[in-house]
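*Asks:* Need the 3D shape of this:
(chains A and B)
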Amino acid sequence: MVNSYDLIIIGGGPAGLSAAIYGGRAKLKTLIINKGAVGGLVNTTREIVNYPGYGQISGSDLMLDFKKHAERFGVEFLRDIVVSTDFSQEDKVIKTKKGKEFTAKAVIIACGSEPRLLNIPGEKRLQGSGVAYCATCDAEFFEGEDVVVIGSGDQAIEEGMYITKFAKKVTVIVLHDEGILDCNKVSAERAFRKEKMEFIWNSTVEEVLGEESVKGVKIKNLKTGDSSELECQGVFFFVGMVPSTQYLKESGVEMDKRGYIPVNNLMETNLEGVYAVGDNRIKYLRQVVSAAGDGATAAVAAERYIEELNAFKTNIANSYKKVLLVFFNASNTESLEFSSLMEELQREHNEDYKIVKVDLATKKNLAEKYEIKAVPAVIVLDKGKKVKELGCSMDKAKLKAQII
Amino acid sequence: MSLEKLNSSRFEEVIYDNGEPCLVIFSRKSCHVCQGVVPVLEDLQPQFEGKFSFYYVDVEEDKALYQRFSLKGVPQILLFKDGEYQGKLAGKVEEEDVEEKITDVLNS
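*Replies:* Numbering: from 1, shown residues only, chains lettered A, B, ... in the order given. Next comes the predicted model:
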């Protein structure tokens, strides 16, 4: 059985939940498909102090508020994994791992990102035995032990400081010259003051050592090329994130080399009715507040898109007159002049047909449906069915002869 | 959660006294990866009804248990049969990985 929705949001982090709140409030039949716990990666953030209106709150509590808000507007939730998509038609098809199939008029991709692996020897094998990616989840297991943190961004330094609550010593391996970290200044200053925190500069980790559990790391100095070993019982990797967009590979959604999705200021992807928000899109600031903004923008854009889509269908399918679809492109002067001429004709023969102008740039699906490749182009529809394509002449008499 | 929770004494009973073929996921509430893996197990549970049992341990409440197995992170799924440890799965695992491991244990 196929379940139909107006709006399907893939992912239930702050971006997806915000989109859902706006979608639900706009009375769109809205579904969130989420693979794990609602809230996503934000659930691991112990303390959020920069979300407006909340002085201090944990990530999971904030996400719970987002979820309740979405539920109040009638949003439905499904815990499942999207395995394939077909965005080629107006009704977009989404299939899930549990064998369910959904259609939606608009889809918002909000599946976020996940920790990047370095894929160095020992990393995968020793996961859960000393190799870790989340301080909230695992720092406690290293009580009184020596821990290495790889990375120097906000997450690495802030999580590293949290680990010092449990560990005997935290050594941060940094790619840059002494004193240079990628994190914010406040965190850097606090980290430099931490007694339990040490730094190894100009270096990277080549291998995680140990058979059954982590015994140490092999470090390479990038300036001298020298390798050395450092004994430790834990290694936390904070080397950035990768977008969770693998399942979109065959979808036609444009992505960059790393899998991030480019969008315009309406959060539109290259496909009509498909939007991307939050951490899986190319963006400057990856925070809850900017994710929420993305979600709101995409949902409003999706709502307008659906409205237009519905209006368009009504105009064509319910029209007792024949409909002339005139395809134009705003940057093509000839097509603009031609559509003006068609409007002029219509004014003279109002009783016979109506004209619907279609911008080729924004209605790609419609152009593809009627195999329109160049502008100007005109097709005649009778009760929604194509009956003929006109020859586009600038001669009014010739045009008229074709229509009547 | 539909998985039965184990504490130290119930753990002894299920794993060693009864020797049940089973898995135990060690997780914590604040771990988002755990929150993703637990539902995977909940979905698999009915498929192995009567043949293989599913349990969980909250590591915040039962430190002694994870220390006993020298675990260094959550989530971790430990598998047992006839009172013997049969191996583990760590981190973000897919349904197929767990299913395969259970089948291996049942056939061993």
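*Asks:* Quick one: residues contacting residue A:220.
*Replies:* Applying CB atoms under 8 Å, 6 or more residues apart in numbering or on different chains to residue A:220 gives the contacts A:203, A:204, A:205, A:206, A:226, A:227. C-beta coordinates here come from the backbone N, C-alpha and C atoms, glycine included.
*Asks:* Equivalent analysis for residue A:280, please.
*Replies:* A:11, A:109, A:110, A:111, A:112, A:113, A:243, A:244, A:245, A:259, A:260, A:261.
*Asks:* if we can go back for a sec, identify the farthest-apart pair in the contacts of residue A:220.
*Replies:* Farthest apart among the contacts of residue A:220 by CB to CB are A:205 and A:226. That separation is 13.8 Å.
*Asks:* How are the helices of chain B distributed by residue range?
*Replies:* Secondary structure of chain B, counting by DSSP state H: helices at B:8-11, B:32-44, B:63-68, B:95-107.
*Asks:* To chain A, which of the ones you listed lies closest?
*Replies:* Proximity to chain A, assessed across the helices of chain B by CB to the nearest CB, is greatest for helix B:32-44 (2.9 Å).
*Asks:* residue contacts, residue 108?
*Replies:* The chain I'm using is chain A. Neighbours of residue A:108 in contact, by CB under 8 Å, 6+ apart: A:7-10, A:16, A:19, A:267, A:274-277, A:295, A:298-299, A:302.
*Asks:* The intended chain is chain B.
*Replies:* Counting by CB under 8 Å, 6+ apart, residue B:108 has contacts B:81, B:86.
*Asks:* so what pLDDT did it get?
*Replies:* The model reports residue B:108 with a pLDDT of 84.
*Asks:* ok, which residues in chain B are in contact with chain A?
*Replies:* B:28, B:30-36, B:39, B:43, B:59, B:66, B:70-74, B:76, B:88, B:90-92, B:95 (CB under 8 Å from any CB of the partner chain).
*Asks:* where in the chain is pLDDT low?
*Replies:* Looking at chain A here, since you left the chain open. Along chain A, segments meeting pLDDT under 70 span A:1-2, A:350-351, A:404.
*Asks:* I was thinking of chain B, sorry if that wasn't clear
*Replies:* B:1.
*Asks:* between residue A:205 and residue A:226, which one's more packed in?
*Replies:* residue A:205 (23 against 10; other CB atoms under 10 Å in any protein chain shown).
*Asks:* Grab the most central residue of chain B for me.
*Replies:* Computing the C-alpha centroid of chain B and ranking residues by CA atoms, centre = their mean puts residue B:24 first, at 1.6 Å.
*Asks:* How many residues are close by the spatially closest residue to that residue that is not a sequence neighbour?
*Replies:* Leaving aside its sequence neighbours, residue B:24 sits nearest to residue B:55 (CB to CB, 6 or more residues apart in numbering or on different chains; 4.6 Å). A total of 20 residues lie near residue B:55 under the criterion other CB under 10 Å.
*Asks:* Go ahead and confirm residue B:55 touches residue B:25.
*Replies:* Yes - contact criterion CB atoms under 8 Å: residue B:55 and residue B:25 qualify, at 7.5 Å.
*Asks:* Quickly list what's touching both of those two.
*Replies:* residue B:3.
*Asks:* With residue B:75 as the reference, measure out to residue B:38.
*Replies:* Using CB to CB, to the nearest Å, residue B:38 is found at 7 Å from residue B:75.
*Asks:* Who has more neighbours out of these two?
*Replies:* Using other CB under 10 Å, the more surrounded residue of residue B:38 and residue B:75 is residue B:75, with 27 against 21.
*Asks:* check contacts around the nearest residue in space to the more buried one that is not next to it in sequence.
*Replies:* By the measure of CB to CB, 6+ apart, the closest residue to residue B:75 outside its immediate chain neighbours is residue B:34, 4.2 Å from it. The contact partners of residue B:34, by CB under 8 Å, 6+ apart, come to A:137, B:25, B:27, B:28, B:74, B:75.
*Asks:* biggest separation within those, which pair?
*Replies:* Maximum pairwise distance in the contacts of residue B:34, criterion CB to CB, is 13.1 Å, between A:137 and B:25.
*Asks:* Validate this expectation: residue A:309 resides in a strand.
*Replies:* No - judged by DSSP: H, G, I helix; E, B strand; the rest coil, residue A:309 forms no part of a strand; its state is helix.
*Asks:* Residue A:104 is in contact with that one, correct?
*Replies:* No - assessed by CB under 8 Å, residue A:309 is found out of contact with residue A:104, at 11.5 Å.
*Asks:* The two: who's more crowded?
*Replies:* Neighbours were counted for residue A:309 and for residue A:104 using other CB under 10 Å; residue A:104 has more, 27 against 19.
*Asks:* Are we agreed that residue A:190 is in a strand?
*Replies:* No - read with three-state DSSP, residue A:190 is helix and lies in no strand.
*Asks:* And for it, nearest residue in space, chain neighbours not counted?
*Replies:* Using CB to CB, 6+ apart, the nearest residue to residue A:190 is residue A:161, at 6.5 Å.
*Asks:* Pretty sure that neighbour sits in a strand.
*Replies:* No - judged by three-state DSSP, residue A:161 forms no part of a strand; its state is helix.
*Asks:* Count the residues that sit near it.
*Replies:* 20.
*Asks:* and the residue of the stretch 301-404 of chain A nearest chain B?
*Replies:* In the stretch 301-404 of chain A, the residue that lies nearest chain B is residue A:302 (26.5 Å; CB to the nearest CB).
*Asks:* Doesn't that residue belong to a helix?
*Replies:* Yes - Residue A:302 forms part of a helix when assessed by three-state DSSP.
*Asks:* Excluding sequence neighbours, find me the nearest residue to it.
*Replies:* Sequence neighbours aside, residue A:106 is the residue nearest to residue A:302 in space, at 3.9 Å (criterion: CB to CB, 6+ apart).
*Asks:* residues contacting the one you found?
*Replies:* With CB under 8 Å, 6+ apart, residue A:106 has these contacts: A:6, A:7, A:8, A:92, A:273, A:274, A:275, A:302, A:305, A:306.
*Asks:* Give the closest residue to residue A:300 in space, chain neighbours not counted.
*Replies:* Counting by CB to CB, 6+ apart, residue A:300 lies nearest to residue A:22, which is 6.1 Å off, once chain neighbours are set aside.
*Asks:* Count the residues that sit near the one you found.
*Replies:* Number of residues near residue A:22 (other CB under 10 Å) recorded here: 24.
*Asks:* just residue A:49 next, same as before
*Replies:* So residue A:49, with other CB under 10 Å, has 8 neighbours.
*Asks:* quick one: it and residue A:56 touch, right?
*Replies:* Yes - using CB under 8 Å, residue A:49 is in contact with residue A:56, at 5.3 Å.
*Asks:* Which stretches in the stretch 201-350 of chain A count as helices?
*Replies:* A:288-317, A:333-348 (DSSP state H, counting those that start in this stretch).
*Asks:* tell me the most buried of those?
*Replies:* The highest average neighbour count among these, using mean count of other CB atoms under 10 Å in any protein chain shown, belongs to helix A:288-317 at a mean of 19.
*Asks:* Counting by contacts, list what that helix packs against.
*Replies:* When contacts are defined as 3 or more CB pairs under 8 Å, 6 or more residues apart in numbering or on different chains; DSSP states H and E, helix A:288-317 packs onto strand A:2-10, helix A:14-25, strand A:101-109, strand A:274-276, strand A:322-328, strand A:353-359.
*Asks:* Minimum distance to residue A:67: which of these has it?
*Replies:* helix A:14-25 (6.1 Å).
*Asks:* May I see the buried residues of that closest one?
*Replies:* For helix A:14-25, a neighbour-count test (16 or more other CB atoms under 10 Å in any protein chain shown) marks A:14, A:15, A:16, A:17, A:18, A:19, A:20, A:21, A:22, A:23, A:24, A:25 as buried.
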